[in-house]
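Chemist: Test case, fold it:
(chains A, B, C and D)
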Protein chains: 2
Amino acid sequence: MRDERRPTLTDVARRAGVSKSLVSIVMRDEPGAGAETRRRVLEAAEALGYQPDSRARLLRSGRSRLLGVVFGLQHPFHADLVTGLYTAARETGYELALSAVTPERDEPEAITSLLRDRCEALILLGPRSTAAVLARLAARRPVVVLARSVRDAAVDVVRTADARGLHLAVDHLAGLGHRAIAHIDGGRAPGAADRRRGYRDAMRRHGLSDRMTILPGGLTESDGAAAARTLLTDRPTAVTVFNDRCATGVLDVLTRAGVGVPGEISVVGYDDSSLARLAHVDLTTVAQDVPSMTRLAVARATDRLEGAPVARREVVVPPRLVVRGTTGPAYPG
Amino acid sequence: MRDERRPTLTDVARRAGVSKSLVSIVMRDEPGAGAETRRRVLEAAEALGYQPDSRARLLRSGRSRLLGVVFGLQHPFHADLVTGLYTAARETGYELALSAVTPERDEPEAITSLLRDRCEALILLGPRSTAAVLARLAARRPVVVLARSVRDAAVDVVRTADARGLHLAVDHLAGLGHRAIAHIDGGRAPGAADRRRGYRDAMRRHGLSDRMTILPGGLTESDGAAAARTLLTDRPTAVTVFNDRCATGVLDVLTRAGVGVPGEISVVGYDDSSLARLAHVDLTTVAQDVPSMTRLAVARATDRLEGAPVARREVVVPPRLVVRGTTGPAYPG
DNA sequence: TTGAAAGCGCTAACAT
DNA sequence: ATGTTAGCGCTTTCAA
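Modeler: Have a look, this model is predicted:
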């Protein structure tokens, strides 16, 4: 029952009593077929349960119109980005081919599978590959790196002005009267270096060079929790954290230790992930502009493919501070 | 520079001075080529940066060896499952084609794109489609539903014995002396009905029918937070929660309200997601056996494709209680 | 507006 | 062990 061959374009053509070419035209919604023919073809296709074979289609047309996306399954922020990419791609006529990185499936493997699938361009979310590897890849087809900076003339980059993001955070805290402002960093994670630098710059600008404290953190809740425990002994009045996940871990430890937020410590996250927006977390955070970033990434990829002129290799999207409930004045009451 | 045609099998053949067939054989690592030939072909392929075109390959061989996976980008537990599916698929020679459901990309769309890609079987993670829709799909190719039950002879199901999972949770709590045990449920989410039923059964079995309390919850932290707030007024000594995410919201609200966990309330989650394992959360939870479930799902799909005999339509995997720090005796001291 | 024919890159069947 | 031929399902000329 299921073994019967799936209907092909030829089957539809036969049933509708027209040529394959016409069916092809109708299925692609191209001009060049009469109204009556169109109707008959669609009816036949429907009756047979015909689905075009995208492989054959793309093989013949020589293009796949496929954008390969490499993302980390474990990163909630990547989920937000992929969601945005789907939306952005829909408007362009390109499709997305997802390839995940997992603990057992590394980045090279994820990339190779996309190359075999003949993706025309690659969009990599916070890739860990070296610039050299990315450059070599970019020699073969357009590569757009999202949410990480890469110093190479061959790769396009779309990222948030992360340093600026930390300026916003520190300015906000300083404006509230904070002076002892610590930073929990992201180690070698994409964006971490820029955020660290932004923190340093801003502290200096506020004349707080001697109050700078950078604690090793990471991407996850437990990284944040660990950092927060060291925070308890030598307590600042405010802390900026690498990302929202990490900040959640910080909040959790502080709350359990009976340290009031924002009463005793103010906390600022990064990403404005769905986590931060939760009513009970209500985290002040630096928002990355996901819709813009993803739209730009897709546009950049398709521009390259279509030979459109491209101004800058790197597009830097401004961050935005979202003030919620985890930040308050340094000396309340 | 990038416009030059990608090398094809023919190019490699020419360069190696052999026929296309030989190259094909070598690239697929099939027997039927001499050692010296093999070496020359591989060298030529390497030199040209040749990548086989999987589309052409599959078009010709008539099979795609592709398993389509529909998953929700917003669900951390789905990320765990997809991770497991990749691992399971690797051992079988099938590849995964991911298709995500997002707020702007619904399940039918995710499925249609996989059908166009000629996936041979579909693995759906907690699908929201009706049994009728799934059955219609299953008439066209093998469908394996993961983490949800579907009453239809045409669809394969791999799921956790969710009712049994709640038995474990309630037994554990009752064993600790708890009697006022509430349940925060998952509404219409996949698995929620079974867990609710499991809770009811277990409460009855323990003679606690009159202490049953089911609070409306959901899948997310904020659902849990909302439920927890109602919990504060009429406080039970223990609560079982639909999933870990929701339980996290519960914990957060309780902690902020100064309610001791497990001192005053014990909390049990569900899934044993990475969330639960975080040292600072340390959530007692019901673990779903992800490696087994994913291996079974892939095996079921491939068995159907290869016409292997299949015993049961539905495979139910036993859950396992993981006792951590959020549960304790009902009357401490 | 319609149809016939060629061929995308590959593999399978059949030679040699 | 190696080469030749045909054709997967489709789109794209090109001609009618």
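Chemist: tell me the pLDDT at the residue most central in space within chain A?
Modeler: By C-alpha atoms, centre = their mean, the mean C-alpha position of chain A lies nearest to residue A:81, the distance being 3.1 Å. At residue A:81, the pLDDT value in this model is 96.
Chemist: next one: phi and psi at it?
Modeler: Here is the backbone geometry of residue A:81 (degrees, to the nearest 10): phi -60, psi -40.
Chemist: how far away is it from residue A:158?
Modeler: Note on residue A:81: its distance to residue A:158, by C-beta to C-beta, to the nearest Å, is 10 Å. Just so you know, the C-beta spots here come from the backbone N, C-alpha and C atoms, and that holds for glycine as well.
Chemist: any common contacting residues for those two?
Modeler: A:146, A:147, A:293 (C-beta atoms under 8 Å, 6 or more residues apart in numbering or on different chains).
Chemist: surely residue A:316 meets residue A:160?
Modeler: Yes: applying C-beta atoms under 8 Å, one finds residue A:316 in contact with residue A:160, separated by 7.2 Å.
Chemist: Spatially nearest residue to the residue nearest to the centre of chain A, not counting backbone neighbours?
Modeler: Using C-beta to C-beta, 6 or more residues apart in numbering or on different chains and skipping residues adjacent in sequence, the residue nearest residue A:81 is residue A:125, 5.6 Å away.
Chemist: where's that neighbour relative to residue A:293, distance?
Modeler: 10 Å.
Chemist: Name the residues contacting each of the two.
Modeler: A:81, A:146, A:147.
Chemist: who in the stretch 1-150 of chain A is up against DNA strand D?
Modeler: For the stretch 1-150 of chain A, the residues in contact with DNA strand D (C-beta under 7 Å from any atom of the strand) are A:5-6, A:8-10, A:20-21, A:24-25, A:27-28, A:50, A:52-53, A:56-57, A:59-61.
Chemist: And the helices in the stretch 51-200 of chain A?
Modeler: Remark: helices assigned in the stretch 51-200 of chain A by DSSP state H, counting those that start in this stretch are A:54-61, A:76-90, A:107-116, A:131-138, A:162-175, A:192-205.
Chemist: possible to save those helices as JSON lines with distance to residue A:154?
Modeler: Listed next are the helices of the stretch 51-200 of chain A as JSON lines, based on distance: least, C-beta to C-beta, whole Å:
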{"stretch": "helix A:54-61", "distance to residue A:154": "26"}
{"stretch": "helix A:76-90", "distance to residue A:154": "21"}
{"stretch": "helix A:107-116", "distance to residue A:154": "15"}
{"stretch": "helix A:131-138", "distance to residue A:154": "4"}
{"stretch": "helix A:162-175", "distance to residue A:154": "22"}
{"stretch": "helix A:192-205", "distance to residue A:154": "21"}
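Chemist: Comparing those, which yields the minimum mean pLDDT?
Modeler: Comparing the helices of the stretch 51-200 of chain A on mean pLDDT, the least confident stretch is helix A:54-61, scoring a mean of 87.
Chemist: which regions of chain A sit below the pLDDT cut-off?
Modeler: A:1-4, A:332-333 (pLDDT under 70).
Chemist: Domain-wise, how is it divided?
Modeler: Following the assignment in automatic domain parsing, chain A carries domains at A:25-62, A:64-161+A:289-317, A:162-288.
Chemist: Now the ones you listed in TSV, please, with extra columns for distance to residue B:257.
Modeler: Listed next are the domains of chain A as TSV, based on distance: least, C-beta to C-beta, whole Å:
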stretch	distance to residue B:257
domain A:25-62	54
domain A:64-161+A:289-317	26
domain A:162-288	10
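Chemist: Those: which one's closest to residue B:174?
Modeler: Nearest of the domains of chain A to residue B:174, taken as C-beta to C-beta: domain A:162-288 at 27.3 Å.
Chemist: Tell me if the closest one is near chain B.
Modeler: Yes: residues of domain A:162-288 contacting chain B under C-beta under 8 Å from any C-beta of the partner chain: A:220-222, A:225, A:249, A:252-253, A:255-256, A:274-275, A:278-281.
Chemist: just checking, which of the residues you listed belong to helices?
Modeler: A:221, A:222, A:225, A:249, A:252, A:253, A:255, A:256, A:274, A:275 (DSSP state H).
Chemist: Any idea how many residues pack against the second one?
Modeler: Spelled out, that is residue A:222. 19 (other C-beta atoms under 10 Å in any protein chain shown).
Chemist: The last one now?
Modeler: Here the number of neighbours of residue A:275 (other C-beta under 10 Å) works out to 21.
Chemist: thinking it is in contact with residue A:283, fair?
Modeler: Yes: between residue A:275 and residue A:283 a contact is recorded at 7.3 Å, counting by C-beta under 8 Å.
Chemist: where do the contact lists of those two overlap?
Modeler: A:244, A:248.
Chemist: residues contacting residue A:168?
Modeler: Contacts of residue A:168 (C-beta under 8 Å, 6+ apart): A:286, A:319, A:320, A:321.
Chemist: Name the nearest of those relative to residue B:75.
Modeler: Using C-beta to C-beta, these come closest to residue B:75 at residue A:286, 25.3 Å.
Chemist: quick one: which helix or strand includes that closest one?
Modeler: strand A:284-287 (DSSP states H and E).
Chemist: Now do that strand: distance to the chain's middle.
Modeler: 16 Å (C-alpha atoms, centre = their mean, to the nearest Å).
Chemist: Can you tell me the strand partners of it and which way each runs?
Modeler: Here strand A:284-287 is paired, per DSSP bridges, with strand A:266-271 (parallel), strand A:320-322 (antiparallel).
Chemist: Of those, which is nearest residue B:39?
Modeler: Closest among the strands paired with strand A:284-287, using C-beta to C-beta: strand A:266-271, at 50.1 Å.
Chemist: who's in contact with the residue in the stretch 1-150 of chain A positioned nearest to DNA strand D?
Modeler: Shortest the stretch 1-150 of chain A-to-DNA strand D distance, computed as C-beta to the nearest atom of the strand: residue-wise this is residue A:9, at 2.9 Å. Taking C-beta under 8 Å, 6+ apart, we find residue A:9 in contact with A:20, A:23, A:24, A:27, A:50, A:52.
Chemist: now those residues in TSV, with neighbour count?
Modeler: Below are the contacts of residue A:9 laid out as TSV (neighbours: other C-beta atoms under 10 Å in any protein chain shown):
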residue	neighbour count
A:20	13
A:23	28
A:24	19
A:27	17
A:50	20
A:52	18
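Chemist: coming back round to it: which one of the residues of domain A:162-288 next to chain B sits closest to DNA strand D?
Modeler: Among these, and counting by C-beta to the nearest atom of the strand, the member closest to DNA strand D is residue A:274, at 38.3 Å.
Chemist: correct me, but that closest one touches residue A:77?
Modeler: No: in this structure, residue A:274 is not within contact of residue A:77 by C-beta under 8 Å, at 9.6 Å.
Chemist: Mind checking which of those two has more residues around it?
Modeler: Neighbour comparison, residue A:274 and residue A:77: the larger count goes to residue A:77, with 24 against 17 (by other C-beta under 10 Å).
Chemist: Correct me if wrong: the more buried one contacts residue A:269.
Modeler: No: Residue A:77 lies out of contact with residue A:269 (C-beta under 8 Å); the separation is 11.2 Å.
Chemist: From residue A:174, how far off is residue A:207?
Modeler: On the measure of C-beta to C-beta, residue A:207 and residue A:174 end up 9 Å apart.
Chemist: Sorry, slip of the keys, the one I care about is residue A:63.
Modeler: 53 Å.
Chemist: which one of these two has more residues nearby?
Modeler: Shown here are residue A:63 and residue A:174; by other C-beta under 10 Å, residue A:174 has more neighbours (19 against 13).
Chemist: where's the more buried one relative to residue A:265, distance?
Modeler: Relative to residue A:265, and taking C-beta to C-beta, residue A:174 is found at 15 Å.
Chemist: can you check residue A:152 too?
Modeler: Counting by C-beta to C-beta - residue A:152 and residue A:265 are separated by 40 Å.
Chemist: When the two are compared, which one has more neighbours?
Modeler: Between residue A:152 and residue A:265, counted using other C-beta under 10 Å, the more crowded position is residue A:265 (25 against 18).
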